[in-house]
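> test case, fold it:
(one chain, ligands or ions: 1)
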Amino acid sequence: MNPYQRQSSPVTATGAHNLDPHLHRYAARATGMTASEVRALFAVASRPEVVSLAGGMPNLAALPLDSLSGEIADLVARDGMTALQYGSAHGVPALREQICEVMALEGVYGHPDDLVVTVGSQMALDLVTRIFCDPGDVVLAEGPSYVGALGTFAAYQAEVVHVAMDAEGLVPESLRQAIVAARRAGQRVKFLYTIPNFHNPAGTTLAVARRVEILDICARHGVLVVEDNPYGLLGFDGQTYPALRSMDLDNVIYLGSFSKTFASGLRVGWALAPHAVREKLVLAAEAAALCPPTLNQMIVSRYLTTHDWRGQIKSFQQTYRERRDAMLSALTQYMPAGCEWTDPDGGFFVWLTVPDGVDTKAMLPRAVTARVAYVSGTGFYANGQGNRQMRLSFCYPTPERIHEGVRRLAGVLEGEIDLYRTFGPTSRKSATGPQTPSPNTE
Ligand SMILES: Cc1ncc(COP(=O)(O)O)c(C=O)c1O
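Numbering: from 1, shown residues only. Coordinates of the predicted model:
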């Protein structure tokens with residue numbers, strides 16, 4: 001033991017016992033940062049005997065690791081003095097130009113100057129919220145919405161108002177009503193956060209006609225749009241949809257990422273913003289991290305130059321399509337009557353709704369005991385909704401494992417439905433409390 005280390009005591013200055021002696025020091029915003037109450041469960045869920053339909057980890061098996069390692073070694077040998085040095089908060093210029101080529105695949109024609117490279121699109125989300133939201137400001141978001149975004153909004157003490165979705169994505173009339181209701185209540189609505197393509201967790205895609213309508217509603221009511229699009233190039237038939245940003249250059253901040261189309265561990269994402277906003281984002285990025293990692297940006301840039309990245313994306317599309325097919329056919333084969341699920345045409349996720357009386361949060365420990373894991377719907381709402389839903393990911397397990405996982409899940413659900421029929425809704429209570437999925441399950 002270090003002889004200079006002071007003994008910490010669980011007893012506070014007032015003599016009270018406290019598990020966290022720093023509790024009284026935290027800023028108010030830290031109370032919104034809650035740890036996953038099912039993290040212990042996820043430790044069990046990652047055991048090999050458990051089929052995890054919970055995590056949203058991309059499948060990297062198809063990446064050309066051998067040639068990549070050679071490229072990375074060469075990069076350090078040739079350009080190490082730049083690659084291992086600080087860079088600008090704006091991002092490596094060559095990469096920003098290449099990102100513009102990537103975005104053009106979805107009809108977005110941005111200028112490299114209007115783009116900020118970030119540590120994953122998660123950091124872009126953080127920066128956008130940081131520069132726009134004061135405590136109590138309203139962020140509109142689909143219900144359900146991406147758990148990592150909800151965590152960011154909570155960290156900045158923004159209030160999330162969920163807007164209804166259906167099979168065609170966000171419902172425009174619900175959006176209009178939510179804006180009007182918030183304004184009537186005297187609240188400041190800062191932006192709409194939306195995932196138009198292959199939604200996480202819902203698996204749905206916003207109908208093209210609705211895109212125009214939604215942009216129109218936001219423009220008329222003076223609400224900014226934050227378009228989060230990490231899955232847009234993962235349409236299973238190679239199809240893409242026009243980005244919101246391609247239809248409105250002045251009122252949309254577009255967030256992109258290489259996490260799903262290349263390598264999530266490199267943590268390279270970006271924000272494309274109207275020019276003045278971009279300026280603020282760069283300042284905020286500087287304050288947060290000085291600059292994104294130069295080496296990682298140069299690796300991505302080199303990959304885009306030397307590899308058939310379009311071909312790689314096609315191969316990802318095919319892998320995920322096979323896995324989506326495996327999940328949908330297993331759901332059709334095994335799920336008890338009364339279950340409904342979405343039918344994604346891209347991305348990683350299916351959203352399952354279970355019969356009335358089944359509580360997906362309460363059921364999770366039983367599912368893990370039956371060696372299958374999922375994420376309860378409650379993690380994807382800021383307001384505790386989602387007990388009758390769950391997110392099932394098909395991105396990581398093989399088709400055989402997906403099939404087996406769904407079979408096990410259906411068995412657990414049948415048991416729950418039987419119990420409910422026999423004993424009624426109070427037969428089993430939640431053992432886990434409110435659930436926030438751990439970040440690595442997003
Ligand atoms: C909708 C959505 N936005 C953003 C992110 C964060 O991605 P990144 O790895 O680029 O930070 C994810 C990751 O799962 C996501 O699903």
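> might one say that Asn296 is in contact with Ser264?
No. Under the criterion of C-beta atoms under 8 Å, Asn296 makes no contact with Ser264, lying 11.4 Å away. All C-beta atoms are positioned from the backbone trio N, CA, C, and that covers glycine.
> tell me, how many residues neighbour the nearest residue to Arg188 once chain neighbours are set aside?
Spatial nearest neighbour of Arg188, excluding adjacent residues (C-beta to C-beta, 6 or more residues apart in numbering): Asp137 at 5.0 Å. Residues near Asp137, counting by other C-beta atoms under 10 Å, number 19.
> contacting residues for Asp137?
158-159, 187-190 (C-beta atoms under 8 Å, 6 or more residues apart in numbering).
> narrow these to those that are buried.
Buried members of the contacts of Asp137, counted by 16 or more other C-beta atoms under 10 Å: 158-159, 189-190.
> could you dump stretch 305-318 to PDB, C-alpha only?
Taking Å, rounded to 0.1, in the frame of the first residue of the first chain, the C-alpha atoms of stretch 305-318 are listed here in PDB:
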ATOM      1  CA  THR A 305      -8.600   6.200 -49.400                       C
ATOM      2  CA  THR A 306      -7.200   2.700 -49.700                       C
ATOM      3  CA  HIS A 307     -10.100   0.400 -49.000                       C
ATOM      4  CA  ASP A 308     -13.300  -0.400 -50.800                       C
ATOM      5  CA  TRP A 309     -15.400   1.100 -48.100                       C
ATOM      6  CA  ARG A 310     -18.500   1.100 -50.300                       C
ATOM      7  CA  GLY A 311     -18.100  -2.600 -50.800                       C
ATOM      8  CA  GLN A 312     -17.500  -3.100 -47.100                       C
ATOM      9  CA  ILE A 313     -20.800  -1.300 -46.300                       C
ATOM     10  CA  LYS A 314     -22.500  -3.600 -48.800                       C
ATOM     11  CA  SER A 315     -21.100  -6.600 -47.000                       C
ATOM     12  CA  PHE A 316     -22.400  -5.200 -43.600                       C
ATOM     13  CA  GLN A 317     -25.800  -4.700 -45.200                       C
ATOM     14  CA  GLN A 318     -25.900  -8.300 -46.300                       C
END
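> flag every buried residue along it.
307, 309, 312-313, 316-317.
> JSON lines for the residues you listed, including secondary structure and distance to the ligand?
Listed next are these as JSON lines, based on DSSP: H, G, I helix; E, B strand; the rest coil; distance: C-beta to the nearest ligand atom, whole Å:
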{"residue": "His307", "secondary structure": "coil", "distance to the ligand": "19"}
{"residue": "Trp309", "secondary structure": "helix", "distance to the ligand": "16"}
{"residue": "Gln312", "secondary structure": "helix", "distance to the ligand": "17"}
{"residue": "Ile313", "secondary structure": "helix", "distance to the ligand": "15"}
{"residue": "Phe316", "secondary structure": "helix", "distance to the ligand": "15"}
{"residue": "Gln317", "secondary structure": "helix", "distance to the ligand": "17"}
